[in-house]
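Asks: Just to be clear, the model below is a prediction. Sequence and coordinates:
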Amino acid sequence: MLWKPERAPLLEQEYQDKRHQIAQYFDKTAVKAWDRLTSNDENLNFIRESVRKGRERMQHHILERFGENLSGKSVLDAGCGTGNLAMDLVTRNANVVAVDISPSLIKIARERFSRNDQCKHDGELKFVWGDMLDPSFGDFDHIVLMDSTIHYKSANAIALVNELCKRANESIIFTFVPLTPLLAVKFALGKFFPKSERAPAVEPSSEDAICNLISQNLNGWEISGMKRVSTYFYASQAVELRRV
C-alpha cells in the first residue's frame, strides 16, 4: 500500500490527481514506448529520438553537477523511471534509492540493472515502487527529480520540492519545463497522437516565476546553478539548490 502524504489541501489534491494520471499512463499506456525511449539500442522516429537526445543531455548535466566520485554519499532519485540516471549515479559510488510510482517501470529498471555487467561500483542501488514523498525512505545527502515535477503547476511543483528539502542534507536538483515557442509546437504536434497515447499534460513555467517561488518558500536554500536543455521536441531546465 502506498503512503498517503499529509500536506496543504491545494498541493494534496493536485498531487493525488496527477499522481494517479501519471501512474496510469506510465504503467499501462506507455510502458513499452518508455522502455524503447530510454533504451540505447532501439530505433525511434524523429520526434521520440529528439526527446531521447534531450533527456540524455539533461542527465549528463545532472551527473556533471554531482561530480565523478560520490563515495559515502546517499542519493534519492525521485521519479526514476527505467533507472538510467540511478545506474549512472551508482557507478560513481553513491548509495542510491530510486523510486517511481509505476511498478512496470521499476521492473524494467531492476531487469536492466541486473544484466548490466559493466556496472562496476562500490555503491548500492535499490529500486522501489512507491511515492517519492514517502518519509520512510529517510534523509539523503542529495535528491534529484529529473522531469518529475513537470506535470504540476509552478506553485505546487515548488511545494513538492519543499517537502523533499526537509530530507536533503546538501543539495536538490529538479527540472521544470520552460515557457518557449518550441514548446507550443510540441504541444500542437502531440495532438496528432491518438488520445490514448498522449502523456499527462505538462505545466510550463517561466524562469522568473520559479525563482520567485523558491525565494518565497524555500528558506535556507539558494539557487547554485541553472541549465536549459532544448532539442526539437524536448525542453527542460535544471535548477540546483544548495543549503545556505
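Replies: Perfect, thanks for sending it.

Asks: Ranking helices and strands of this protein by mean pLDDT, which lands last?
Replies: Ranked by mean pLDDT, DSSP states H and E, the weakest helix or strand in the chain is helix 181-190, scoring a mean of 63.

Asks: Am I right that residue 238 is in a strand?
Replies: Yes: remark: residue 238 belongs to a strand, assigned using DSSP: H, G, I helix; E, B strand; the rest coil.

Asks: For it, give me the pLDDT.
Replies: On the pLDDT scale, residue 238 is placed at 98.

Asks: Can you report how many residues lie near it?
Replies: With neighbours defined by other CB atoms under 10 Å, the count for residue 238 comes to 21. For glycine as for every other residue, the C-beta is placed from the backbone atoms N, C-alpha and C.

Asks: what's the answer for residue 16, then?
Replies: Neighbour tally, residue 16, other CB under 10 Å: 12.

Asks: if I look at it, how far off is residue 201?
Replies: Using CB to CB, to the nearest Å, residue 16 is found at 16 Å from residue 201.

Asks: re earlier: following the least confident helix or strand of the chain, which helix or strand comes up?
Replies: Counting by DSSP states H and E, the next helix or strand C-terminal to helix 181-190 is helix 207-217.

Asks: now what about the next helix or strand after that next one, what contacts it?
Replies: Downstream of helix 207-217, the first helix or strand assigned by DSSP H and E is strand 221-231. With CB atoms under 8 Å, 6 or more residues apart in numbering as the test, strand 221-231 has contacts from 50-51, 53-54, 57-58, 61, 65, 165, 171-172, 178, 180, 182, 207, 211, 214, 235-244.

Asks: Sheet-wise, list the partners of strand 221-231 with their directions.
Replies: Strand pairing for strand 221-231, using DSSP bridges, gives strand 234-243 (antiparallel).

Asks: Helix 207-217 and the strand it pairs with, what's the angle between them?
Replies: Compare the direction of strand 234-243 with that of helix 207-217 by axes from the mean of the first three to the mean of the last three CA atoms, to 10 degrees and you get 30 degrees.

Asks: Quick check: residue 42 touching residue 34?
Replies: No: applying CB atoms under 8 Å as the test, residue 42 and residue 34 come out as separate, 11.0 Å apart.

Asks: Mind checking which of these two has more residues around it?
Replies: Neighbour totals were compared for residue 42 and residue 34, and residue 34 leads with 20 against 12 (other CB under 10 Å).

Asks: Relative to residue 235, how far out is the more buried one?
Replies: Noted for residue 34: a distance of 19 Å to residue 235, by CB to CB.

Asks: Same question for residue 85.
Replies: In terms of CB to CB, residue 85 sits 18 Å off from residue 235.

Asks: How much space separates the residue most central in space within the chain from residue 237?
Replies: The centre of the chain sits closest to residue 146, judged by CA atoms, centre = their mean, with a distance of 2.6 Å. Computed with CB to CB, the distance linking residue 146 and residue 237 is 11 Å.

Asks: so residue 11 sits right up against residue 157, yeah?
Replies: No: using CB under 8 Å, residue 11 is not in contact with residue 157; the gap is 9.5 Å.

Asks: Compare these two (neighbour count), which wins?
Replies: A count of neighbours by other CB under 10 Å puts residue 157 above the other of residue 11 and residue 157, at 25 against 21.
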